[in-house]
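[1] quick one, fold the following:
(one chain, ligands or ions: 1)
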Amino acid sequence: MTAGRWVARWERQQQRYAIDREERFTVIADVVEHVLAGRDRPLVADLGCGPGSLAARLAGRLPYATVVAVDSDPLLLELGRAHHADAARFVRATLGADGWTAALELPGPLDAAVSATALHCLSEGALRRTYEDLAALLRPGGVLVNSDMLRPDGSRTARIAQHVGRRRAERQGTPDREDWDSWWAAAARDPELAGLLAPRPVQQSAAGGHNGLTLRRHLALLRAAGFHDAGTVWQCSTDFVLVAVR
Ligand SMILES: C[S@@+](CC[C@H](N)C(=O)[O-])C[C@H]1O[C@@H](n2cnc3c(N)ncnc32)[C@H](O)[C@@H]1O
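    Presented below is the predicted three-dimensional model:
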C-alpha cells in the first residue's frame, strides 16, 4: 500500500523530466522484443532501475524474459521489491564501480541491457567503465538500449530542439509537477520509509546531476567500448532512445 503510493508519486515526478516516459518505455520494449525474437529465456538487465518502472513494463510485454534490475539506492530498490515483486530480481550495485557486474550474479550472458533516465547520473569515467563492462556481459548480437536526456551539442538545431522541448513541456503542464527534491523530502518525512532513507548517501539532485555528455560523445564511448553499431531509434527534443549492438 505504502509502496504503491510512493511508486505512483514517483511516476508523476519522473514525468516532469521525461515527458514521453511512457512512449520511451514502449519503444525500449519494441527494440528488445525485436532483438530477442526466437530466444526462449532471454536475460535482460535494467540499469539504474529506480523503483522498477521500466522493469515492470518489460516484464509485462515480455513475460518469458528474466529481468535483473540494478540500482544503488536502497529506498527505490525496496519500493521496487514491494510493488513490482514479480517483475524482476532487484540488486543493489553502483554502475561503473569495482565489482558491480559480479553483484548482479547473472546466470549467463545478457541478451539486452536497458536504462531509462539514469546514465546521465554517471561521470564520464564511470560511464566508460559501464559501457566496457556491458560489452563483456552482452552476448554477440545483444543490445544496450538507453533512453535519456542528452546534453545538446551547441549547434543551432540542438538549441531549436531544446526550445521545442520547453514549449511541449509547457503545453503538457509538466513543469507544474512535483520535482525530484520535493519527492525525496516528502519520502524523508514518511516514518514507514525512515529505515530505508537512513543509510543513503547524500542525494544528488536531478537537475544538477547531469554528466553533460552529448549524443556524439555517447556514440564515441560506445564504439570505443566494443559496440560495433550504435545510433538513435527515437528522439523528441533532447530526449533520445539510443541503441548499441554488441
Ligand atoms: C532519475 S532516476 C530513474 C529511475 C528509473 N529508471 C525510472 O525511469 O523511473 C535515476 C536512477 O539512477 C540511479 N543511479 C544513479 N547513479 C547510479 C549508479 N552509479 N549506479 C546505480 N544506480 C544509479 C538512481 O538511484 C536512480 O534510481
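
[2] contacts for the lengthiest strand in the chain, please.
    Secondary structure of the chain read by DSSP state E shows that its longest strand is strand 138-149. Residues outside strand 138-149 that contact it (C-beta atoms under 8 Å, 6 or more residues apart in numbering): 17-18, 24-25, 27-28, 31-32, 35, 109-120, 131, 134, 210, 218, 222, 227, 234, 238-246. In this view, the C-beta of every residue, glycine as well, is placed from N, C-alpha and C.

[3] and if we set it to 7 Å?
    Residues outside strand 138-149 that contact it (C-beta atoms under 7 Å, 6 or more residues apart in numbering) are 24, 28, 31-32, 35, 109-117, 119-120, 134, 227, 238-246.

[4] need the CA coordinates for that strand. CSV is fine.
    Extracted C-alpha coordinates of strand 138-149, given in CSV (Å, rounded to 0.1, in the frame of the first residue of the first chain):
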residue,chain,number,x,y,z
LEU,A,138,26.3,-9.0,-23.6
ARG,A,139,26.2,-11.9,-26.0
PRO,A,140,27.3,-11.1,-29.6
GLY,A,141,24.2,-9.5,-31.2
GLY,A,142,22.9,-8.4,-27.8
VAL,A,143,21.9,-4.7,-27.4
LEU,A,144,22.1,-1.8,-25.0
VAL,A,145,19.0,0.4,-25.2
ASN,A,146,19.4,3.6,-23.3
SER,A,147,16.6,6.3,-23.1
ASP,A,148,17.8,9.5,-21.6
MET,A,149,18.0,13.3,-21.9
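
[5] so is that strand next to the ligand?
    No. Judged by C-beta under 6 Å from any ligand atom, strand 138-149 makes no contact with the ligand; its nearest approach is 8.2 Å.

[6] mind listing what's buried along the helix or strand just after that strand?
    Beyond strand 138-149 on the C-terminal side, the first helix or strand identified by DSSP states H and E is helix 156-172. Buried residues in helix 156-172, defined by neighbour count with 16 or more other C-beta atoms under 10 Å: A158, A161, G165, A169.

[7] hang on, the third one packs against Q235?
    Going back to what we said before, that points to G165. No. Applying C-beta atoms under 7 Å, one finds G165 not in contact with Q235, separated by 10.4 Å.

[8] confidence score at the residue nearest the centre of the chain?
    Nearest to the mean C-alpha position of the chain, by C-alpha atoms, centre = their mean, lies A116 at 2.5 Å. In this model, A116 is scored at 98, pLDDT.

[9] just to revisit the earlier point, which among the contacts of strand 138-149 count as buried?
    24, 28, 31-32, 35, 110-117, 119-120, 134, 227, 238-246.

[10] show me the shaky parts of the chain.
    Residue ranges of the chain with pLDDT under 70: 1, 198-208.

[11] the ligand contacts on that one?
    So the chain meets the ligand at 14, 48-50, 53-54, 71-73, 76, 94-96, 116-118, 121-122 (C-beta under 6 Å from any ligand atom).

[12] how close does the closest residue to R246 other than its chain neighbours sit to P74?
    In this structure, R246 finds its nearest non-sequential neighbour in L138, 4.1 Å apart by C-beta to C-beta, 6 or more residues apart in numbering. Going from L138 to P74 by C-beta to C-beta, to the nearest Å gives 27 Å.

[13] ditto for V35
    For V35 relative to P74 (C-beta to C-beta), the value is 32 Å.
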